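J.: the following block contains a protein sequence and its predicted model.
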Amino acid sequence: MRHVPSVSITNIRRPTARRAAILAASMIVAIMGPAVPARAWHGEFSESTGVYRIPYADGTEVTVTNDHHEHGGDDCPPVDPDDSCGPKDRIDLKAGVGEPIAASASGWIRAVVDHHGNSPGAGDGVDINGDPQDDSLEHSCGNNPDDNTVVGSCGDYNNYVWIEHPNGEWTKYSHFGTGTVTDLGWNENMWIDAGEVLGLEGDIGQATNSNGIANHLHYEVAVPNTPGTDLQWTEAGGFIQNATNLVPRVCDIDDETYADNETYTANPCDHEPPTADAGGPYFVDEGSTVQLDGTGSNDPEGNPLTYEWSPQNLDNPASAQPTYSGVDDDFDFVILRVYDQIESLRATTVTSVTVNNVSPDVIATGDAIDEGDTATVNATFVDPGTLDTHTATIDWGDGTAPQNVNPAGLPGGFEHVYGDNGTFEVTVTVTDDDGGVGADTVEVTVGNLNPALTLDLDDAIEFPGGDYVVVEAGGHVLWSAEGTDPGSDDLTFTWHPGGADTYYNDGIGADPALSSLGTFPFAASDQNDVVYADIGVDTLALTLSDDDGGTDEAEMGVIVTGTEEATHGSGWWKHQYSGKGAPHLDGATASAYLVIINAASSVFSEAVPVGTAAEAHAVLSPKKGDRRAHAAAELLSAWLEFASGAVDWDATVPLADGSSVDFLELMADAEEAILDPTTTDATLRSIERDLARVRHAS
């Protein structure tokens with residue numbers, strides 16, 4: 001559905017006396033041999049009815065690199081004498097890469113495409129078929145069929161915007177830098193005022209024009225071929241399909257027309273907005289009509305006006321004198337907006353139409369909301385008695401007393417908050433002064449929402465392999481959580497490991513089936529003290545449930561380290577996983593250490609497997625001369641010191657040069673270097689020496 005009906009515009013401008021003189025002079029010069037090249041005659045142009053500003057931000061210096069004599073249509077004179085010579089009707093403007101392009105008139109943005117190319121943002125990385133393609137190829141790629149750098153036509157990669165204006169004309173802006181339109185927050189169907197910045201000039205798509213200029217703004221004005229319809233364009237490139245291009249009239253420049261190679265300064269058009277006059281107030285009986293009158297509106301410069309009336313229950317809301325009918329309310333506001341044809345400046349006024357209601361026949365409309373939200377119930381009614389007055393009530397069906405409401409407000413609706421989910425029967429009653437009663441009952445359906453759970457993770461530590469809470473074997477963690485529910489629901493915290501705790505929203509007992517008047521939103525907090533006896537990696541899980549089946553979940557990994565105090569060299573650790581002799585660690589403890597390392601590290605076992613004792617022994621037995629393997633062996637030894645409990649996660653490691661580094665910082669840097677195939681042997685040797693110092697951490 002169109003937001004405002006388009007006005008049919010067909011304006012074939014005949015040459016003015018000034019233009020006729022210029023044309024005649026051009027023809028004479030052409031015959032006698034001009035001193036400078038004369039523009040070829042292309043026939044009479046179809047010019048825009050609207051007058052537009054230069055489409056750049058205020059103060060921007062803009063050069064016309066192709067005017068309407070040079071751009072679009074067929075070549076004039078034709079290369080082949082048998083060819084036709086058609087009108088040219090599009091404009092190329094250039095201010096420079098990154099210069100701000102602005103709306104040339106106010107209107108509704110109807111199309112936004114700015115995902116091609118890769119400047120200044122990142123593009124989509126695919127061609128028109130969705131297959132991978134280097135975004136950089138879409139910069140001024142050219143259209144040479146013998147050396148086409150992109151799949152399809154360069155025009156398929158244009159970044160463009162189409163804007164519909166209240167006067168029925170449309171403007172197009174092409175070759176934006178990648179993402180510069182959406183980065184400014186512009187989307188389709190948004191209103192934009194003249195002069196507001198749309199995006200930045202770029203060189204994406206079929207951007208190299210006939211003068212060899214890459215970055216520029218391709219600008220055109222079009223009107224649909226069928227009045228009252230929407231303009232259509234191809235998704236790729238944005239080329240019009242059911243419309244005719246018009247030569248744009250431009251405010252505050254000579255002859256209102258762009259001239260090739262001229263430089264202009266973009267600024268707002270120098271004019272005043274129109275004045276809106278909607279007449280009224282108006283009065284009408286139900287079933288009758290009244291003609292609204294906006295002819296008192298005017299424009300200071302005498303420009304023609306475009307009209308837009310609302311509400312839309314008018315026979316022709318785009319005319320100056322529409323007919324209002326079918327109103328079944330007792331009072332209605334009518335809004336008139338008028339737009340001039342320069343920049344589409346607008347003015348708005350409000351009048352009213354009072355309709356004499358008839359005897360009550362009520363039609364109500366319910367609502368569907370979520371718990372804790374506000375429901376709106378509206379109604380219309382008609383009454384055959386032209387002198388009756390009315391009163392109205394709404395029974396919200398939740399145990400509260402019926403609410404007295406203003407009947408005039410029923411079409412707009414009245415609001416009521418429901419705290420619990422369920423289906424509520426709402427009755428709207430209208431009574432006239434003769435005792436006649438009309439009523440309608442509708443449903444308000446209130447849906448349940450899931451509660452929201454927040455698990456306190458302030459003690460979580462960031463390891464290369466993920467985030468974990470750390471505790472020594474035999475220690476405990478006091479977990480805390482908060483829960484909220486938008487409705488008046490009871491909340492239950494279920495801990496794993498641990499138990500379940502329920503909190504009632506009224507502080508007394510279980511929530512009844514329909515508790516729309518209870519406490520909401522409801523919040524509760526809970527704690528769970530968990531003792532972790534076994535070395536390894538555990539998981540704390542928590543589910544928050546409301547009494548209507550809504551849930552939210554959270555979990556956190558827990559690393560349970562050993563309680564060792566003494567550190568050991570890499571040879572000692574190698575012996576523990578050798579499978580020979582009499583190791584100091586029992587098999588279960590040694591395996592638990594490896595589980596911890598696989599969780600904390602991004603090297604083990606993502607890149608280097610250490611899931612078994614044999615794999616750990618292999619890592620701890622690097623081949624001579626393999627610096628990366630030696631560094632990995634020292635890395636595993638350092639992680640084993642942490643897993644055993646001998647080195648805390650927040651320990652400080654003294655380095656050989658007298659400086660120090662945090663344990664986790666050292667481990668993260670070491671893992672990044674080991675995983676990087678470009679790390680040199682010298683760097684790996686330095687890392688190996690630093691990791692060997694972990695056993696001296698404090």
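T.: Cool, the structure landed. These numbers come from a predicted model, not from an experiment.
J.: shaky segments in the stretch 1-150 of the chain?
T.: Scanning the stretch 1-150 of the chain for pLDDT under 70 picks out 1-44, 73-88, 142-148.
J.: quick one, strands of it?
T.: Taking DSSP state E, counting those that start in this stretch to define them, one finds strands in the stretch 1-150 of the chain at 47-52, 61-66, 91-94, 100-102, 107-113.
J.: for the biggest helix by length in the chain, packing partners?
T.: Counting residues, the longest helix in the chain under DSSP state H turns out to be helix 627-644. Applying 3 or more C-beta pairs under 8 Å, 6 or more residues apart in numbering; DSSP states H and E, one finds that helix 627-644 contacts strand 551-561, helix 570-576, helix 587-600, helix 613-619, helix 663-675, helix 681-692. In this view, the C-beta of every residue, glycine as well, is placed from N, C-alpha and C.
J.: what mean pLDDT does the helix or strand just after that helix have?
T.: As assigned by DSSP states H and E, the chain's next helix or strand after helix 627-644 is strand 652-654. For strand 652-654, mean pLDDT rounds to 97.
J.: next: stretch 676-689.
T.: 97.
J.: do the same with stretch 441-449
T.: For stretch 441-449, the per-residue pLDDT averages 95.
J.: and what of stretch 153-160?
T.: 92.
J.: what residues does it touch?
T.: In this structure, residues lying in contact with stretch 153-160 by C-beta atoms under 8 Å, 6 or more residues apart in numbering are 111, 113-117, 128, 138, 141-143, 148, 150, 172-178, 181, 199, 202, 204-207, 218, 236-239.
J.: straight-line length of it, end to end?
T.: 15 Å (C-alpha to C-alpha, to the nearest Å).
J.: give me the pLDDT for the residue nearest the centre of the chain.
T.: Compute the mean C-alpha point of the chain, and by C-alpha atoms, centre = their mean the closest residue is Gly185, 7.3 Å away. Note for Gly185: predicted pLDDT of 96.
J.: how far away is it from Glu196?
T.: Using C-beta to C-beta, to the nearest Å, one gets 11 Å for the distance from Gly185 to Glu196.
J.: ok so, going back, please name whichever of the helices and strands packed on helix 627-644 is nearest to Asn245.
T.: Asn245 lies closest to strand 551-561 among the helices and strands packed on helix 627-644, at 56.2 Å (C-beta to C-beta).
J.: tell me the angle that closest one makes with helix 587-600.
T.: 120 degrees (axes from the mean of the first three to the mean of the last three C-alpha atoms, to 10 degrees).
J.: count of neighbours near Thr349?
T.: 18 (other C-beta atoms under 10 Å).
J.: and stretch 691-698, how far from the chain's centre?
T.: 49 Å (C-alpha atoms, centre = their mean, to the nearest Å).
J.: dump it to CSV, restricted to CA.
T.: Output of stretch 691-698 as CSV, limited to C-alpha atoms (Å, rounded to 0.1, in the frame of the first residue of the first chain):
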residue,chain,number,x,y,z
LEU,A,691,57.8,-21.2,30.2
ALA,A,692,60.5,-23.0,32.1
ARG,A,693,60.3,-20.2,34.7
VAL,A,694,56.7,-21.0,35.6
ARG,A,695,57.9,-23.5,38.2
HIS,A,696,59.4,-20.5,40.0
ALA,A,697,56.1,-18.5,40.0
SER,A,698,54.8,-17.0,43.2
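J.: how about it: buried residues?
T.: 691-695, 697 (16 or more other C-beta atoms under 10 Å).
J.: identify the residues contacting the residue located most distally from the centre of the chain.
T.: Distance from the centre of the chain peaks at Gly581, with 64.6 Å (C-alpha atoms, centre = their mean). With contact set as C-beta under 8 Å, 6+ apart, Gly581 has these partners: His575.
J.: can you give me the end-to-end distance of stretch 601-621?
T.: Stretch 601-621: ends 19 Å apart by C-alpha to C-alpha.
J.: tell me how this structure divides into domains.
T.: 17-265, 282-356, 361-447, 452-561, 570-696 (automatic domain parsing).
J.: for those, give me a markdown table that also has distance to Thr275.
T.: Converted to a markdown table, the domains of the chain look like this (distance: least, C-beta to C-beta, whole Å):
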| stretch | distance to Thr275 |
| --- | --- |
| domain 17-265 | 16 |
| domain 282-356 | 6 |
| domain 361-447 | 29 |
| domain 452-561 | 47 |
| domain 570-696 | 68 |
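J.: for Ala276, find the nearest of those.
T.: Nearest of the domains of the chain to Ala276, taken as C-beta to C-beta: domain 282-356 at 4.1 Å.
J.: and the helices and strands packed on helix 627-644 as JSON lines, adding distance to Asp156?
T.: JSON lines is the format used below for these (distance: least, C-beta to C-beta, whole Å):
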{"stretch": "strand 551-561", "distance to Asp156": "46"}
{"stretch": "helix 570-576", "distance to Asp156": "60"}
{"stretch": "helix 587-600", "distance to Asp156": "49"}
{"stretch": "helix 613-619", "distance to Asp156": "53"}
{"stretch": "helix 663-675", "distance to Asp156": "40"}
{"stretch": "helix 681-692", "distance to Asp156": "47"}
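J.: between the ones you listed, which one is nearest to Pro227?
T.: Per C-beta to C-beta, nearest to Pro227 of the helices and strands packed on helix 627-644: strand 551-561, 55.0 Å.
J.: sheet-wise, list the partners of the closest one with their directions.
T.: Within its sheet, strand 551-561 is paired with strand 466-472 (parallel), strand 536-546 (antiparallel), according to DSSP bridges.
J.: mind listing what the residue nearest to Gly195 when sequence neighbours are not counted touches?
T.: With sequence-adjacent residues excluded and distances taken as C-beta to C-beta, 6 or more residues apart in numbering, Gly195 is closest to Ala102, at 5.2 Å. If you count contacts by C-beta under 8 Å, 6+ apart, Ala102 has them with 53, 55-58, 194-198, 266.
J.: try 7 Å
T.: 55-57, 195-198 (C-beta atoms under 7 Å, 6 or more residues apart in numbering).
J.: could you redo the residues you listed as CSV and give each row distance to Gly419?
T.: Shown next, in CSV, are the contacts of Ala102 (distance: C-beta to C-beta, whole Å):
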residue, distance to Gly419
Pro55, 52
Tyr56, 54
Ala57, 50
Gly195, 48
Glu196, 43
Val197, 45
Leu198, 45
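J.: perfect, that will be all.
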